[in-house]
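A.B. asks: Take this sequence and fold it.
(one chain, ligands or ions: 1)
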Amino acid sequence: MSWTVGQFAETIATGRARYAGNISNWGREPEHNRSVGGHRDSQHLMDLAVDMWFHNSLNAALAFDFYKRQGLWVKFIRDDKLSIHVQVLDPSTRDPDL
Ligand SMILES: [Zn+2]
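C.D. replies: This next block holds a predicted model:
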């Protein structure tokens, strides 16, 4: 599936509301992306990636599974399992762009 920003945003908003998530990072302009160590082809540059955090690990895990079922690619950002990065493309051919 090829995602538009609108479809991606709708899906992100649905999961955010259902599992009480908080968006901490969405679109980035290139200079900020560089300053936070983002991949040069990061999907944050195209508004097709978000970072979210949750108050507890159960909600984070449920949101993780929800987004995977929608066909998005998801990764826990930190070891505490409270934050996830969600993007449209599977980055298996290169490093994930967090
Ligand atoms: Zn990210």
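A.B. asks: Walking through the protein, point out its strands one by one.
C.D. replies: Ranges of strands in the chain, per DSSP state E, are 22-25, 49-53, 73-76, 83-87.
A.B. asks: Distance of Q87 relative to Y67?
C.D. replies: Between Q87 and Y67 the distance is 10 Å, computed by C-beta to C-beta, to the nearest Å. All C-beta atoms are positioned from the backbone trio N, CA, C, and that covers glycine.
A.B. asks: N59 too?
C.D. replies: N59 is 13 Å from Y67, where distance means C-beta to C-beta.
A.B. asks: Compare the two (neighbour count), which wins?
C.D. replies: It is Y67, of N59 and Y67, that has more neighbours when counted by other C-beta atoms under 10 Å, with 22 against 17.
A.B. asks: How about this structure: which residue is closest to the ion?
C.D. replies: Nearest residue of the chain to the ion: H85, at 3.6 Å (C-beta to the ion).
A.B. asks: Count the neighbours of that residue for me.
C.D. replies: 21.
A.B. asks: does it have beta-bridge partners, and which?
C.D. replies: Beta-bridge pairing for H85 (DSSP bridges): D51, K75.
A.B. asks: Wait, it touches D51, no?
C.D. replies: Yes - counting by C-beta atoms under 8 Å, H85 touches D51, with 5.2 Å between them.
A.B. asks: ok, back up a step: and the pLDDT at the residue of the chain closest to the ion?
C.D. replies: Looking at H85, its pLDDT reads 97.
A.B. asks: Would you state the helices of this protein in chain order?
C.D. replies: Using DSSP state H, the helices of the chain run over residues 5-18, 30-35, 57-69.
A.B. asks: Out of those, flag the one nearest D80.
C.D. replies: Among the helices of the chain, helix 57-69 comes nearest to D80, with 7.5 Å by C-beta to C-beta.
A.B. asks: can you tell if that closest one touches the ion?
C.D. replies: No - Helix 57-69 does not reach the ion (C-beta under 5 Å from the ion); its nearest approach is 12.6 Å.
A.B. asks: hmm, who's touching stretch 85-92?
C.D. replies: For stretch 85-92, the surrounding residues in contact (C-beta atoms under 8 Å, 6 or more residues apart in numbering) are 3, 8, 12, 43, 48-52, 67, 72-77, 96-98.
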